[in-house]
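1. no sequence for this one, just the structure:
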Ligand code: HSE
């Protein structure tokens with residue numbers, strides 16, 4: 001086979017934070033994701049298509065996909081190469097489902113494959129994080145890491161980056177419901193407190209540890225008990241109309257736990273089994289309707305594949 005000229009990659013949507021793991025936990029879901037094609041070209045260009053394509057910038061310095069690609073090229077000392085990037089933007093912006101991460105993850109995955117898999121998938125994470133920085137002002141990894149790697153991911157450290165994929169129970173499913181309002185991650189981060197009382201830190205740390213043990217020992221009840229957030233959720237719920245009622249509806253429908261997906265406005269819930277996830281999704285949807293919000297529901301097992309090549313030429 002000759003040298004490739006063009007690669008198309010897909011990277012999935014993700015749920016970040018997972019209640020007790022603000023900025024340090026996330027998982028990929030099977031629902032939707034963005035597609036990016038990277039091809040050799042005479043000059044750097046970005047073309048954005050897809051249902052949400054008209055909403056994002058196509059300038060090379062501003063687009064999450066091209067910023068991530070540029071960071072990658074600079075690192076591997078190939079910034080002299082030029083590419084056309086075509087981003088099929090399938091995910092709504094400001095949804096809390098890792099929309100910008102999906103674009104930057106697919107882009108770095110595609111360009112890395114085009115250049116002969118210079119780096120491992122894990123090594124691509126810092127460059128996809130640069131896409132997050134341009135999209136939200138913060139280079140968090142809890143969406144890009146699971147979008148690239150698949151599965152459940154723990155970011156044990158940012159400096160230096162230490163990212164661990166954690167096994168999860170086979171019967172763990174999730175419901176994610178996206179109410180049709182837009183919430184920018186930058187706005188949802190601005191309202192957070194920078195100082196946290198030590199009592200809250202103790203509770204949050206205990207829950208994060210409990211959640212990890214729950215994943216590893218397949219203890220669904222422990223997972224549910226650990227899904228409590230004292231850092232972001234108390235501040236952010238006021239940005240999501242009907243959040244408390246929707247969470248209550250999810251718990252009544254059998255959720256192990258329920259919280260804000262990433263920075264919102266989507267809500268996610270974990271369940272044991274797919275049929276329970278479907279009931280939860282419907283219950284949350286119904287609850288949002290009561291406050292006049294239409295929504296879109298996704299149910300999924302944890303996506304274990306992460307980013308992958310769809311096509312190459
Ligand atoms: N951890 C990030 C936040 C995720 O909550 O701001 C954004 O999707």
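-> Great, that's in hand. Remember, it's a predicted structure, so these values are computed and weren't measured experimentally.

2. Tell me which stretches of the protein form helices.
-> 64-75, 99-114, 125-136, 144-149, 185-190, 198-217, 220-226, 233-236, 243-252, 274-290 (DSSP state H).

3. could you dump those helices to a markdown table with distance to the ligand and mean neighbour count?
-> Where C-beta positions appear, they are placed from N, C-alpha and C, glycine not excepted. Below are those laid out as a markdown table (distance: least, CB to the nearest ligand atom, whole Å; neighbours: other CB atoms under 10 Å):
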| stretch | distance to the ligand | mean neighbour count |
| --- | --- | --- |
| helix 64-75 | 13 | 25 |
| helix 99-114 | 7 | 31 |
| helix 125-136 | 7 | 24 |
| helix 144-149 | 10 | 32 |
| helix 185-190 | 5 | 17 |
| helix 198-217 | 13 | 16 |
| helix 220-226 | 17 | 19 |
| helix 233-236 | 8 | 18 |
| helix 243-252 | 15 | 19 |
| helix 274-290 | 19 | 20 |
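
4. Let me have these in JSON lines, extended by mean pLDDT.
-> What follows is the helices of the chain, written out as JSON lines (pLDDT from 0 to 100):
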{"stretch": "helix 64-75", "mean pLDDT": "97"}
{"stretch": "helix 99-114", "mean pLDDT": "97"}
{"stretch": "helix 125-136", "mean pLDDT": "95"}
{"stretch": "helix 144-149", "mean pLDDT": "98"}
{"stretch": "helix 185-190", "mean pLDDT": "93"}
{"stretch": "helix 198-217", "mean pLDDT": "98"}
{"stretch": "helix 220-226", "mean pLDDT": "98"}
{"stretch": "helix 233-236", "mean pLDDT": "96"}
{"stretch": "helix 243-252", "mean pLDDT": "98"}
{"stretch": "helix 274-290", "mean pLDDT": "98"}
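
5. Throw those into CSV and include distance to residue 162, thanks.
-> Below are the helices of the chain laid out as CSV (distance: least, CB to CB, whole Å):
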stretch, distance to residue 162
helix 64-75, 18
helix 99-114, 19
helix 125-136, 11
helix 144-149, 11
helix 185-190, 22
helix 198-217, 14
helix 220-226, 21
helix 233-236, 25
helix 243-252, 32
helix 274-290, 31
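
6. Mind checking these for the one nearest to residue 18?
-> Proximity to residue 18 (CB to CB) singles out helix 198-217 among the helices of the chain, at 7.1 Å.

7. which ones are touching the closest residue to the ligand within the stretch 151-300 of the chain?
-> Proximity of the stretch 151-300 of the chain to the ligand (CB to the nearest ligand atom) peaks at residue 262, 2.8 Å away. For residue 262, the contact set (CB atoms under 8 Å, 6 or more residues apart in numbering) comprises 14-17, 26, 96-98, 142-143, 185.

8. Keep only those of these that are in strands.
-> 14-16, 26 (DSSP state E).

9. which of the residues you listed lies closest to residue 213?
-> Using CB to CB, the ones in strands among the contacts of residue 262 come closest to residue 213 at residue 26, 18.1 Å.

10. Looks like that closest one contacts residue 153 (just checking).
-> Yes - between residue 26 and residue 153 there is a contact under CB atoms under 8 Å: 5.5 Å.

11. which neighbours do these two share?
-> Contact criterion CB under 8 Å, 6+ apart; residues shared by residue 26 and residue 153: 142, 145-146.

12. of those residues, closest to residue 276?
-> The closest of the shared contacts of residue 26 and residue 153, once distances to residue 276 are taken by CB to CB, is residue 146, at 22.1 Å.

13. Residue 151: neighbouring residues, count only.
-> 18 (other CB atoms under 10 Å).

14. What of residue 6?
-> Using other CB under 10 Å, residue 6 has 17 other residues around it.

15. same deal with residue 230?
-> Quick note: residue 230 (other CB under 10 Å) scores 18 neighbours.

16. so who does it touch?
-> Applying CB under 8 Å, 6+ apart to residue 230 gives the contacts 196, 200, 203-204.

17. which two in these are spaced the farthest apart?
-> For the contacts of residue 230, and using CB to CB, no pair is farther apart than 196 and 203, which are 10.1 Å apart.

18. filter the ones in strands among the contacts of residue 262 by proximity to the ligand?
-> Restricting those to those touching the ligand (CB under 6 Å from any ligand atom) yields residue 16.

19. can you list the ones in strands among the contacts of residue 262 in JSON lines and add distance to residue 295?
-> Compiled in JSON lines, the ones in strands among the contacts of residue 262 are given as follows (distance: CB to CB, whole Å):
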{"residue": "14", "distance to residue 295": "18"}
{"residue": "15", "distance to residue 295": "16"}
{"residue": "16", "distance to residue 295": "19"}
{"residue": "26", "distance to residue 295": "21"}
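
20. Just the closest of the ones in strands among the contacts of residue 262 to the ligand, please.
-> For the ones in strands among the contacts of residue 262, the nearest to the ligand is residue 16 (3.9 Å; CB to the nearest ligand atom).
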